[in-house]
Each structure stands twice: as C-alpha cells, then as structure tokens.
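**Student:** fold the following and give me the result.
(one chain, ligands or ions: 1)
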Amino acid sequence: MLQSFSISSLSPNNEQSVHEAAEILTAAFAANWPHAWATPEEALDEVNEALAPDRICRAAFDDAGAVLGWIGGSAQYGGNVWELHPLAVRPDVQGRGIGRALVADFEQQVAARGGLTIVLGTDDEAEMTSLSGVDLYPNVWEHIATIRNRRGHPYTFYQKCGFVITGVVPDANGPGKPDILMAKRVPGAGQPGES
Ligand SMILES: CC(C)(COP(=O)(O)OP(=O)(O)OC[C@H]1O[C@@H](n2cnc3c(N)ncnc32)[C@H](O)[C@@H]1OP(=O)(O)O)[C@@H](O)C(=O)NCCC(=O)NCCS
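**Tutor:** As a prediction, the model looks like this:
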C-alpha cells in the first residue's frame with residue numbers, strides 16, 4: 001500500500017529533518033555505492049550543499065514529519081538545464097512511489113524556474129549493468145544501445161520516470177566503473193522549432 005506522504009522544501013532550520021536526510025543518503029547508497037557518503041559528516045555536508053539558496057532541495061515527509069526521501073538539484077547553462085543530484089529514498093520505504101513522486105515534484109520546481117532539461121549521472125560501480133566491468137571503448141554507443149540491468153540499477157527507475165540515456169562517462173569511478181548520463185525534457189518546456 002502507498003504510504004501517505006507529502007513533498008515540500010527541506011528547511012535548513014529544521015535540524016532534525018536535515019539529519020534524517022543525511023542518514024537516508026548514507027543508508028540508501030550503502031549497498032551498491034560504498035564510496036558515496038560513507039560517513040555521517042560527508043552526508044551532512046552533501047545535504048548542506050543541497051540547501052544553498054540557489055538550489056532545489058525537496059523532501060517527502062510522512063504524517064509525523066519524518067523524512068522518507070529527498071531530492072536535490074542545481075542550475076547549469078544559465079538555468080536552461082538543471083542537474084538532478086542527489087536522490088535517495090529511505091530503504092524501508094523504497095518501491096512505494098516516493099522516488100517517482102520526488103522526481104515529478106522536481107520537474108515542477110524546475111519548470112517554475114524556467115528550466116528546459118533535467119540531466120543526471122547515475123554511477124555503476126558494482127557491475128549492476130552491462131556497462132560495468134567491460135571496456136566501453138571504442139564502440140561506446142553499441143554498449144549503450146544494448147544496456148541490460150543486471151540487478152536493480154536505478155537507470156531503469158529513471159527510464160520509468162521518462163529519462164533517456166544520453167551518454168556515458170567511461171571509467172568515471174575507476175576502470176570499468178562508468179557514470180551513466182540521462183536527461184529528460186521538462187514537461188511543458190518549449191520544443192525545438194516552437195516559437
Ligand atoms: C532509486 C530510488 C530513488 C527509487 O525510489 P523508489 O521510491 O524506491 O521508487 P518508486 O517506488 O517510485 O519506483 C517507480 C518505478 O521504478 C521502479 N524502480 C525503482 N527502483 C528501481 C531500481 N533500482 N531498479 C529497477 N526499477 C526500479 C519501480 O519498480 C517502479 O516501477 P513500476 O512503476 O513499474 O512499478 C530508490 O530506490 C533509492 O533511493 N535507491 C538507492 C539510491 C539510488 O539509487 N539513488 C539514485 C541514484 S542516482
């Protein structure tokens with residue numbers, strides 16, 4: 001059953017929520033991204049960076065005010081493009097639509113700021129996809145075109161949210177550990193050829 005939750009901006013003044021967001025970051029990435037925010041201090045730094053006034057930082061809260069997940073983003077290309085980073089849902093409530101709702105809310109936030117495209121990079125450090133553990137050169141696009149999800153890599157989640165793979169950064173996290181680049185047009189944004 002879908003857990004009842006609501007999405008709003010994460011306030012830097014709400015210390016409890018900020019700490020919960022940091023804990024979620026460490027917990028959500030622990031299994032497959034062991035180098036990501038391994039310590040509470042690193043996680044807290046990431047949340048505090050995401051809370052800068054020129055960024056987007058939104059969280060899903062349950063009825064008691066506990067943070068269930070959160071999403072951050074920053075502007076690039078003069079605000080035409082927003083990078084979605086990071087996104088994490090508390091492990092015990094994953095798979096209940098919270099991640100999808102956070103992405104949809106993020107899209108609305110970007111649209112309200114006049115953004116056209118959302119980009120993101122989703123690392124594969126643990127052979128979760130067919131792009132990991134192999135040499136992607138020289139036929140990089142062949143590998144991308146035949147990508148397979150071996151065990152729950154989030155690129156499939158993003159595809160379900162409407163993102164497409166736009167490229168890859170080979171060896172981003174060490175030999176055979178790429179970053180998978182994805183993008184989505186902001187709903188309602190003008191399309192090429194439109195006046
Ligand atoms: C990836 C993540 C943000 C998704 O959030 P979530 O709340 O669990 O996802 P949702 O319940 O909204 O899922 C939406 C759809 O994506 C699918 N999905 C979610 N996570 C998936 C995964 N890792 N692999 C494949 N499909 C996935 C769901 O099955 C669902 O599909 P459906 O609509 O066909 O039923 C969350 O699982 C998480 O925090 N994971 C660990 C950290 C992470 O991977 N962050 C993103 C890295 S860039």
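**Student:** please count neighbours and contacts with C-alpha atoms only from this point.
**Tutor:** OK.
**Student:** what about the chain, any weak spots by pLDDT?
**Tutor:** Applying pLDDT under 70 to the chain picks out residues 1-3, 195.
**Student:** quick one: name the residues of it near the ligand.
**Tutor:** Contact residues (C-alpha under 6 Å from any ligand atom) of the chain with the ligand: 28-29, 87-89, 94-100, 122, 152-154, 156-157, 160.
**Student:** what are the buried residues along the strand or helix carrying Glu107?
**Tutor:** Glu107 is part of helix 98-112, with elements assigned from DSSP states H and E. Using 16 or more other C-alpha atoms under 10 Å as the test for burial, helix 98-112 gives Ile98, Gly99, Ala101, Leu102, Val103, Asp105, Phe106, Glu107, Gln108, Gln109, Val110, Ala111.
**Student:** hmm, Cys57 and the fourth one touching each other?
**Tutor:** No - the pair formed by Leu102 and Cys57 falls short of the contact definition of C-alpha atoms under 8 Å, at 10.2 Å.
**Student:** give me the common contacts of these two.
**Tutor:** Trp70, Ile71 (C-alpha atoms under 8 Å, 6 or more residues apart in numbering).
**Student:** domains in the chain, by residue range?
**Tutor:** Using automatic domain parsing, the domains assigned to the chain come out as 1-115, 119-187.
**Student:** any chance of the ones you listed in a markdown table, with distance to Glu194 too?
**Tutor:** Shown next, in a markdown table, are the domains of the chain (distance: least, C-alpha to C-alpha, whole Å):
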| stretch | distance to Glu194 |
| --- | --- |
| domain 1-115 | 16 |
| domain 119-187 | 14 |
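**Student:** the spatially most central residue of the chain: which element?
**Tutor:** With distances taken as C-alpha atoms, centre = their mean, Leu87 lies nearest the centre of the chain, 3.8 Å away. Under the criterion of DSSP H and E, Leu87 resides in strand 81-89.
**Student:** between the two ends of stretch 153-164, how far is it?
**Tutor:** With C-alpha to C-alpha, to the nearest Å as the measure, the first residue of stretch 153-164 is 14 Å from its last.
**Student:** just stretch 66-84 next, same as before
**Tutor:** With C-alpha to C-alpha applied, stretch 66-84 spans 22 Å between its terminal residues.
**Student:** contact partners of it?
**Tutor:** For stretch 66-84, the surrounding residues in contact (C-alpha under 8 Å, 6+ apart) are 17, 20-21, 24, 50, 54-62, 85-90, 93, 98-99, 102-103, 106, 110, 113-120.
**Student:** neighbours around Ala52, how many?
**Tutor:** Residues near Ala52, counting by other C-alpha atoms under 10 Å, number 12.
**Student:** mind listing the strands in the chain by residue range?
**Tutor:** Remark: strands assigned in the chain by DSSP state E are 6-9, 56-61, 67-76, 81-89, 117-123, 164-169, 179-185.
**Student:** list the helices and strands the first one packs on?
**Tutor:** Spelled out, it's strand 6-9. With contacts defined as 3 or more C-alpha pairs under 8 Å, 6 or more residues apart in numbering; DSSP states H and E, strand 6-9 has these neighbours: strand 56-61.
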